[in-house]
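Novice: Mind folding the following:
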Amino acid sequence: MFLKTILLRNFKNFEELELGFSPKLNAFVGHNGIGKTNLLDAVHYLALAKSYLNYSDAQNIRLGEEFFSLEGNFQIDEEENVIFCGVQKDKPKVLKKNGKTYPKIADHIGQFPLVMISPYDSDLIQEGSAVRRRFVDNIISQSNKEYLQKLIRYNRVLLQRNTLLKYFFQNQTFDKTSLEIYNQDLINLGKFIYEKRKELLSQFQPIFQEYYQTLSKGNEKVSIVYQSQLHDKSFEELLEENLHKDRMAQHSTQGIHKDDLDLNIMNYPIKKFGSQGQQKSYLIALKLAQLELIKQNLNVTPLLLLDDIFDKLDESRVEQLISLVNDDHFGQIFISDTHPERTEAIVTKINSESKIFRL
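Specialist: So this is what the prediction gives:
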């Protein structure tokens, strides 16, 4: 699978731009602020129907304009698919495949898998549990439509339960029968999500550890520990035992929406004890393991987007990363970089068809 062409209109800083890509390696080079990351984000939009940077859709409309549109031509084997994504101010997003609008945008996820490695990935280490849950959910959702559908339903039911708890508190009333309708949905959906997350981490860990050792050339032991309230008690027990707490807090304090990952090096949190180089290698290994698992589960090689990461790595780690992506194991790759000379040197080492776009 690869992206043959892309057409941007009024997307971020681009008024109109059309590009044709190499099926192997494509590099965007130019000064900071010129739009390299925006081009990568446009590819991300077409593959996953949203911005990598978690902006609202309307924030991606070029300043002074009323809409943006993206169109890309993906080729899988001999089949070509034209994907269109359009956003107008104050209107729902439109997503089409070969001219037909998706009934649900979630139906698009997983058809054109993608993994992006970016400086923003430091949030996985530095920020709260929600970022790490999204990382896990992204891996599973790109290859398991049932998981994505149940995750969407879980979040909807959770919101409804929280709204009811708030209503009870504000009106000094309580109806356990009404609450248990939502409880049962949460329990059924939550158990499924929990089991899939647990299964993923058991598959993910050895792949991640192997990539980390290759990148770092080190002997440090790294690990990921899945933390969930469901490890020790059933969801039913958690909801029953914490009913009073939930009523006072006016929201659901227990469940898989509290899950987290402990990211460790030598059995210590990498956030506190990992060097800058170790943290960078850790994050890249996480993303390469993500790509590997999606590839295994879908039997399709995801696109790999590398956003300005060579500037953040020492020479040894750059060499190791180049040797990895030079393998036929990887598919189409997009790189952004501020240094044309460095990019050309990297492209020369990756012996394959390539294109460099100077912005």
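Novice: can I see the domain layout of the chain?
Specialist: Domains of the chain are assigned by automatic domain parsing as 1-113+303-359, 121-299.
Novice: Kindly check the end-to-end length of stretch 261-272 for me.
Specialist: End-to-end distance of stretch 261-272 (Cα to Cα, to the nearest Å): 15 Å.
Novice: could the domains of the chain go into JSON lines alongside mean neighbour count?
Specialist: For every residue, glycine as well, the C-beta is placed using N, CA and C. JSON lines is the format used below for these (neighbours: other Cβ atoms under 10 Å):
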{"stretch": "domain 1-113+303-359", "mean neighbour count": "17"}
{"stretch": "domain 121-299", "mean neighbour count": "17"}
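Novice: a markdown table please, covering those and showing mean pLDDT.
Specialist: A markdown table is the format used below for those (pLDDT from 0 to 100):
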| stretch | mean pLDDT |
| --- | --- |
| domain 1-113+303-359 | 91 |
| domain 121-299 | 95 |
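Novice: Could you point out the longest helix of this protein?
Specialist: When the chain is scanned for its longest helix (criterion: DSSP state H), the result is helix 176-216.
Novice: Tell me where this protein has helices.
Specialist: Using DSSP H, helices in the chain cover 36-48, 123-126, 129-141, 145-171, 176-216, 235-241, 243-249, 270-273, 276-298, 315-325, 340-349.
Novice: need these in JSON lines with distance to Ser228, can you?
Specialist: Listed next are these as JSON lines, based on distance: least, Cβ to Cβ, whole Å:
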{"stretch": "helix 36-48", "distance to Ser228": "25"}
{"stretch": "helix 123-126", "distance to Ser228": "18"}
{"stretch": "helix 129-141", "distance to Ser228": "10"}
{"stretch": "helix 145-171", "distance to Ser228": "14"}
{"stretch": "helix 176-216", "distance to Ser228": "6"}
{"stretch": "helix 235-241", "distance to Ser228": "10"}
{"stretch": "helix 243-249", "distance to Ser228": "18"}
{"stretch": "helix 270-273", "distance to Ser228": "20"}
{"stretch": "helix 276-298", "distance to Ser228": "19"}
{"stretch": "helix 315-325", "distance to Ser228": "31"}
{"stretch": "helix 340-349", "distance to Ser228": "40"}
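Novice: Identify whichever of these lies nearest to Asn60.
Specialist: helix 36-48 (7.8 Å; Cβ to Cβ).
Novice: so how far is that closest one off the chain centroid?
Specialist: Computed by Cα atoms, centre = their mean, to the nearest Å, the chain-centroid distance of helix 36-48 equals 12 Å.
Novice: and what of stretch 109-122?
Specialist: Counting by Cα atoms, centre = their mean, stretch 109-122 is centred 5 Å from the centre of its parent chain.
Novice: do the same with stretch 224-235
Specialist: 23 Å.
Novice: cool, and stretch 297-311?
Specialist: With Cα atoms, centre = their mean as the basis, stretch 297-311 stands 11 Å off its chain's centre.
Novice: Just the CA atoms of that stretch, as CSV, please.
Specialist: Presented in CSV, the C-alpha positions along stretch 297-311 are these (Å, rounded to 0.1, in the frame of the first residue of the first chain):
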residue,chain,number,x,y,z
ASN,A,297,-2.9,-8.0,12.3
LEU,A,298,-3.9,-6.4,9.0
ASN,A,299,-1.4,-8.0,6.6
VAL,A,300,-0.8,-4.5,5.2
THR,A,301,2.3,-2.4,5.9
PRO,A,302,1.3,1.0,7.4
LEU,A,303,2.7,4.2,6.1
LEU,A,304,5.5,5.5,8.3
LEU,A,305,5.8,9.3,8.9
LEU,A,306,9.0,10.7,10.5
ASP,A,307,8.5,14.3,11.6
ASP,A,308,11.7,16.2,12.3
ILE,A,309,13.1,13.4,14.4
PHE,A,310,16.7,13.3,13.0
ASP,A,311,17.4,16.7,14.6
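Novice: which residues does the nearest residue to Asp90 once chain neighbours are set aside contact?
Specialist: Excluding the flanking residues, the one nearest Asp90 by Cβ to Cβ, 6 or more residues apart in numbering is Ala58, at 7.9 Å. Neighbouring residues of Ala58 by Cβ atoms under 8 Å, 6 or more residues apart in numbering: 87, 89-90.
Novice: Of these, just say which sits nearest to Asn26.
Specialist: Nearest to Asn26, judged by Cβ to Cβ, of the contacts of Ala58 is Val87 at 24.5 Å.
Novice: The closest one contacts Ser56, doesn't it?
Specialist: No. Counting by Cβ atoms under 8 Å, Val87 sits too far from Ser56 to count as a contact (9.4 Å).
Novice: Which residues does the residue nearest to Gly274 when sequence neighbours are not counted form beta bridges with?
Specialist: In this structure, Gly274 finds its nearest non-sequential neighbour in Ile265, 5.0 Å apart by Cβ to Cβ, 6+ apart. Bridge pairing for Ile265 (DSSP bridges) gives the partners Val222, Tyr268.
Novice: And Ile265, how close does it get to Lys271?
Specialist: 10 Å (Cβ to Cβ, to the nearest Å).
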